[in-house]
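Peer 1: Provide a 3D model corresponding to the input given below.
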Amino acid sequence: MIHAGVLFSASTVHLEHITMALNCLTPFGIKDDVMIYIDKDGLSFSRQNNHVITISLFLSKELFISYDYHSGEDLNGYTQLCLKINHLLDSINVVNRNKDDVVECTLSYNGEGSPFTLIFEDSLITEKVEYSTYLTKEPDATGLELSNDEVVFNCIIKGDVLYSAMQDLKEIGCRECYLYAMTKSDDKNVLALVSRGQLGLSKILLPSERSTLEKLEVIDPDTGSRVFDVPVIGFFDFSAFDKVRMSAKIASKAMLKKDVHGLLSVNILSDTNDVVVNNPKGPTPATNRNTSLPRDYPGIVTEIALLERADFEPTDRKEIELFMSFNEEDRAGTDVYKPRCEQAASKPVPTSEINDTNLLHIGQAPSRDDNDNAADDSFRPAANDIPLFF
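Peer 2: Model (predicted):
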């Protein structure tokens with residue numbers, strides 16, 4: 001339903017997809033204001049927290065059945081307004097809940113002083129919701145814009161891998177997060193997330209295969225050329241870094257860049273094939289949940305900018321480098337995990353006497369050497385041969 005004579009009007013049936021996109025904004029404050037920018041290409045949603053992290057999410061006009069925007073006399077070529085993000089989500093979630101019918105949603109706005117209107121229509125009923133809008137100062141983006149000429153780190157990684165790693169950081173109680181990257185001359189690149197929490201330092205090594213880590217570059221900002229065997233480390237407060245996790249959850253690919261000023265830029269693309277919700281039970285009547293997305297729709301495009309913590313001391317950097325160097329030594333050997341149990345025995349046990357497949361010697365006859373060495377037939381406790389972790 002297009003409203004003639006209004007500044008902006010667009011209709012869509014992909015409410016599930018819009019909900020998925022708007023949920024990426026909720027870590028930045030579910031009841032806080034969100035800036036909406038309307039132009040001829042689509043809708044942009046922007047949110048900033050404490051001038052430390054900002055998010056910009058774009059929904060292309062191809063997502064909508066019909067899209068009509070008249071900029072009028074606005075020389076900027078776009079219209080901006082401000083409202084609560086939870087208002088949009090609440091309305092869409094209520095209408096889209098347990099629906100067995102296709103619901104068409106029409107969004108409209110007629111400029112300053114007018115409400116932002118949502119109209120929901122199905123085969124039986126039409127509902128209309130109006131939300132008051134207001135103008136506010138555009139967020140100050142100073143320091144939150146990437147300096148593309150001074151990038152020191154650049155990588156492209158699969159979204160599900162990044163999400164799993166960030167989820168693990170949350171589960172182990174991470175408080176401070178370090179992003180570690182190093183390209184090596186022997187092509188064994190290293191990309192890791194290092195956590196500092198109650199358990200001390202922990203690291204999550206991300207897979208370095210080309211199918212997962214599509215690109216990894218460490219760049220000298222003075223010459224613009226690639227460098228090897230020199231690590232790049234970013235230091236972030238985890239409460240801010242974790243806000244990226246919801247966007248990574250729906251990402252097909254994520255591009256991470258860091259410049260010399262300590263700004264980390266995360267560009268996320270959610271391919272339509274990755275976010276379509278399929279019904280495994282087979283053909284069902286058309287609903288908003290199984291309506292296919294348009295073929296020319298590029299997907300959800302998200303850009304997040306995060307400032308590094310200022311209190312990254314040289315001693316902390318040295319500690320992280322030393323911590324990661326141990327990992328390199330382990331990877332160079334054949335066995336990464338080497339349990340040590342010498343303290344469990346009262347005296348060292350010769351390697352030749354250890355049976356790897358039968359530590360307790362159950363059902364195993366004593367060797368001839370054992371009979372010869374035993375001066376008497378006294379009972380020898382088997383506990384001396386049992387590792388401590390038993």
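Peer 1: C-alpha only now, for contacts and for neighbours.
Peer 2: Noted.
Peer 1: show me where this structure has helices.
Peer 2: For the chain, the helices defined by DSSP state H occupy 15-22, 85-95, 159-171, 238-241, 245-249, 272-275, 314-332, 368-373.
Peer 1: tell me the most buried of these?
Peer 2: Stretch with highest mean neighbour count among the helices of the chain: helix 245-249 (a mean of 23; mean count of other CA atoms under 10 Å).
Peer 1: so what touches that helix?
Peer 2: 23-24, 27, 159-160, 162-163, 166-167, 254, 268, 302 (CA atoms under 8 Å, 6 or more residues apart in numbering).
Peer 1: rebuild the helices of the chain as TSV, extending it with mean pLDDT.
Peer 2: Listed next are the helices of the chain as TSV, based on pLDDT from 0 to 100:
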stretch	mean pLDDT
helix 15-22	92
helix 85-95	87
helix 159-171	94
helix 238-241	94
helix 245-249	94
helix 272-275	51
helix 314-332	78
helix 368-373	48
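Peer 1: for Pro221, which of the ones you listed is the nearest?
Peer 2: helix 314-332 (19.3 Å; CA to CA).
Peer 1: can you tell me how far the residue nearest to Thr79 when sequence neighbours are not counted sits from Leu162?
Peer 2: Nearest residue to Thr79 in three dimensions, chain neighbours excluded: Ile38, at 5.1 Å (CA to CA, 6 or more residues apart in numbering). Counting by CA to CA, to the nearest Å, the separation of Ile38 from Leu162 is 31 Å.
Peer 1: how about Ser325, what does it touch?
Peer 2: When contacts are counted by CA under 8 Å, 6+ apart, Ser325 touches no other residue.
Peer 1: same question for Asp186.
Peer 2: Neighbour list for Asp186: empty [criterion: CA under 8 Å, 6+ apart].
Peer 1: for it, grab phi and psi.
Peer 2: Dihedral angles of Asp186 (phi, psi; degrees, to the nearest 10) stand at phi -90, psi 20.
Peer 1: look up how far His261 lies from it.
Peer 2: Counting by CA to CA, the separation of Asp186 from His261 is 29 Å.
Peer 1: still on that earlier bit, export the contacts of helix 245-249 to CSV and tack on distance to Gly113?
Peer 2: Below are the contacts of helix 245-249 laid out as CSV (distance: CA to CA, whole Å):
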residue, distance to Gly113
Asn23, 27
Cys24, 28
Pro27, 29
Gly159, 40
Asp160, 42
Leu162, 42
Tyr163, 41
Met166, 42
Gln167, 42
Ala254, 38
Ile268, 34
Thr302, 29
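Peer 1: ok, now which ones touch the nearest residue to Glu130 once chain neighbours are set aside?
Peer 2: Counting by CA to CA, 6+ apart, Glu130 lies nearest to Thr117, which is 4.5 Å off, once chain neighbours are set aside. Going by CA under 8 Å, 6+ apart, Thr117 touches 106-109, 128-131.
Peer 1: one more time with 7 Å, if that's ok
Peer 2: Going by CA atoms under 7 Å, 6 or more residues apart in numbering, Thr117 touches 107-109, 129-131.
Peer 1: please apply the same query to Ala254.
Peer 2: Taking CA under 7 Å, 6+ apart as the test, what Ala254 contacts is 156-159, 266-269.
Peer 1: just put the residues you listed in CSV and tack on distance to Asp90.
Peer 2: Shown next, in CSV, are the contacts of Ala254 (distance: CA to CA, whole Å):
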residue, distance to Asp90
Ile156, 34
Ile157, 33
Lys158, 31
Gly159, 27
Val266, 28
Asn267, 27
Ile268, 25
Leu269, 25
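Peer 1: among these, who's most crowded?
Peer 2: Ile268 (27 neighbours; other CA atoms under 10 Å).
Peer 1: for that one, which residues are in contact?
Peer 2: Counted by CA under 7 Å, 6+ apart, Ile268 has contacts 251, 253-255, 301-303.
Peer 1: counting neighbours, which of these comes out on top?
Peer 2: Ala251 (28 neighbours).
Peer 1: how about the contacts made by it?
Peer 2: By CA under 7 Å, 6+ apart, the contact set of Ala251 is 159-160, 268-270.
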